[in-house]
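In: Here is the input, now give the coordinates:
(one chain, ligands or ions: 3)
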Amino acid sequence: MSNDQQSSSFGKARMDKRKLESIFLFVTGKCNSKCAMCFYANDMAKKENDLTFDEIRKISESAGHFNRLWLSGGEPTLREDLPEILEMFYKNNHITDVNMPTNGLKPDRVIEWISRFRKNCPDANIVISLSFDGFGEVHDRQRGVPGNFYKALETLHKIDAAFNGDPKVIKNISTVITKFNIDQINDFMRWIFGRFNTSSHIIEAARGETREDGVKILTEATLRIIQDAASPYYCGYAERFVKDMSGFKKMMARNMYLGTYRNFYNIRAKNIDGPTPWGMDCTAGETTLVIDYDGRFRACELREPIGKVQDYDCDIQKIMFGDAMKKEIEAIGHGAKANCWCTHGCWIMSSMVFNPVKMIFNSMKGSKEMKKLNHPIDISDTALRALEEKYQLDSNKLKEIGII
Ligand SMILES: C[S@@+](CC[C@H](N)C(=O)[O-])C[C@H]1O[C@@H](n2cnc3c(N)ncnc32)[C@H](O)[C@@H]1O
Ligand code: SF4
Ligand code: SF4
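Out: Numbers count the residues shown, from 1 in each chain. Ligands and ions are numbered 1, 2, ... in the order given. Modelled structure (predicted):
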């Protein structure tokens with residue numbers, strides 16, 4: 001999280017009563033990868049038409065003001081009119097944050113589109129979330145594309161160089177833990193943290209129905225070991241996050257950063273072996289709306305679609321206050337009557353914002369736990385080169401890209 005991002009998510013939304021905060025828009029069903037763990041492979045295989053620009057325009061015009069647009073797909077960089085779509089949401093909906101995930105196969109397009117967004121949407125943050133699953137062939141195997149590792153590396157290097165020092169471009173890495181990369185997560189996090197000026201690194205537990213069987217192998221115990229071992233990187237990222245702050249504000253921001261991650265990771269670990277109450281309401285369907293590439297909509301990514309936007313004239317008010325969504329929110333339930341729990345980070349994090357008392361208490365506790373697990377990490381050039389040798393990275397390619 002960047003400074004600005006934190007203020008938008010935890011400042012504006014916190015304490016507000018529940019209202020639409022985030023739209024998750026799957027901008028295309030097309031993809032140029034074949035990831036083994038992809039939860040969206042079956043949906044993409046249906047090869048339905050993508051929502052048209054005109055349908056997305058109606059969505060934007062009816063949604064009112066909301067803070068965060070989470071893009072997804074398919075691969076967002078394959079949607080040619082994406083820059084215009086983002087500018088439309090900025091103008092109509094006053095979004096403060098865009099989250100753009102990418103597989104990193106189109107480095108120049110990513111740079112061009114972020115630059116354009118920064119120029120035309122100057123007050124909003126853009127989180128560029130690069131999917132990066134491990135070293136060399138492990139990444140390529142998981143993503144199903146030979147050479148993907150060096151392309152993703154080129155994308156990361158170019159983003160780092162082009163937007164260094166721009167606090168509104170948040171450089172996140174997202175790694176999905178599977179049977180392929182489980183043994184190298186810690187090394188990979190250390191290498192990324194040491195070699196790049198990244199803002200954050202999320203490690204995801206693979207969820208949902210995956211393209212290949214047997215890739216999800218985490219248990220609560222193994223996930224907790226990986227998460228605990230990652231604590232020093234989160235402490236490192238927290239320092240990057242607070243570097244321009246001072247005094248009380250710095251201390252609070254650091255604690256909130258660490259506590260939020262720890263709280264999220266604790267809740268997630270408890271839900272790996274089976275659904276377990278989060279200790280707060282999930283606000284899916286009240287504060288979030290997911291729109292699939294063909295217009296089906298859902299309360300969250302893991303529940304079934306409950307309608308098609310086209311059947312509501314693409315009118316978000318009709319959808320959010322319609323009978324289908326009311327029934328869905330009842331089915332998810334609240335308080336003692338809640339009965340739907342999962343490991344999804346986006347919803348755990350966004351629900352925390354709407355459960356402020358729990359969030360503040362758990363964040364203080366979580367921050368202490370994270371600090372206890374902290375220890376120095378070796379990111380000297382010698383240590384990083386040793387990792388590059390251990391994982392047999394091609395030094396000529398690393399030089400060509402400009403990393404060493
Ligand atoms: C569905 S992809 C869409 C964006 C883009 N195609 C990409 O891969 O970055 C969004 C994010 O979900 C992650 N993801 C894919 N399958 C997953 C799964 N089964 N569990 C958790 N995350 C997953 C991807 O690695 C990516 O970071
Ligand atoms: S995770 Fe992203 S890049 Fe991989 S297949 Fe799914 S949509 Fe495509
Ligand atoms: S707990 Fe998970 S699956 Fe259930 S409604 Fe919330 S985000 Fe969806």
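In: what does this protein put close to ligand 3?
Out: C282, A284, A299, C300, L302, R303, I332, C340, W341, C342, H344, W347 (Cβ under 6 Å from any ligand atom). Quick note: C-beta positions are derived from backbone N, CA and C, even for glycine.
In: now, among the residues you listed, which is nearest to ligand 1?
Out: For these, the closest approach to ligand 1 (Cβ to the nearest ligand atom) belongs to H344, at 8.1 Å.
In: residues in contact with the closest one?
Out: Listed by Cβ atoms under 8 Å, 6 or more residues apart in numbering, the contact partners of H344 are R207, C300, E301, L302.
In: re the thing from before, now, the most widely separated pair of the residues of the chain next to ligand 3?
Out: By the measure Cβ to Cβ, A299 and W341 form the most distant pair in these, at 13.8 Å.
In: coming back round to it: among the contacts of H344, which two are most distant?
Out: So, these by Cβ to Cβ: farthest apart are R207 and C300, at 11.3 Å.
In: This structure: strands as residue ranges?
Out: 22-28, 68-73, 97-102, 125-131, 169-177, 200-205, 288-291, 296-298, 307-308 (DSSP state E).
In: partners of the last one in the sheet?
Out: Neighbouring strands of strand 307-308 in its sheet, by DSSP bridges, are strand 296-298 (antiparallel).
In: One more: the second one?
Out: Sheet partners assigned to strand 68-73 using DSSP bridges are listed as strand 22-28 (parallel), strand 97-102 (parallel).
In: how much does it deviate in direction from strand 125-131?
Out: Using axes from the mean of the first three to the mean of the last three Cα atoms, to 10 degrees, the inter-axis angle of strand 68-73 relative to strand 125-131 is 30 degrees.
In: And the pLDDT at A336?
Out: pLDDT for A336: 83.
In: neighbour-wise, which of A299 and W341 wins?
Out: A299 (26 against 18; other Cβ atoms under 10 Å).
In: Thought T287 was touching the more buried one, still the case?
Out: No. Applying Cβ atoms under 8 Å, one finds A299 not in contact with T287, separated by 9.8 Å.
In: Quick one: residues contacting the nearest residue to F149 once chain neighbours are set aside.
Out: Nearest residue to F149, sequence neighbours excluded (Cβ to Cβ, 6 or more residues apart in numbering): H139, at 4.3 Å. Neighbour list for H139: F132, D133, N148, F149, A152, N181 [criterion: Cβ under 8 Å, 6+ apart].
In: Now do the closest residue to the third one other than its chain neighbours against ligand 2, distance only.
Out: Nearest residue to N148 in three dimensions, chain neighbours excluded: D140, at 5.0 Å (Cβ to Cβ, 6+ apart). As for D140, its distance to ligand 2 is 12 Å (criterion: Cβ to the nearest ligand atom, to the nearest Å).
In: Per-residue pLDDT of D140, please?
Out: 98.
In: Equivalent analysis for G11, please.
Out: Reported pLDDT for G11: 39.
In: do the same with the one 10 residues further on
Out: In this prediction, E21 carries a pLDDT score of 95.
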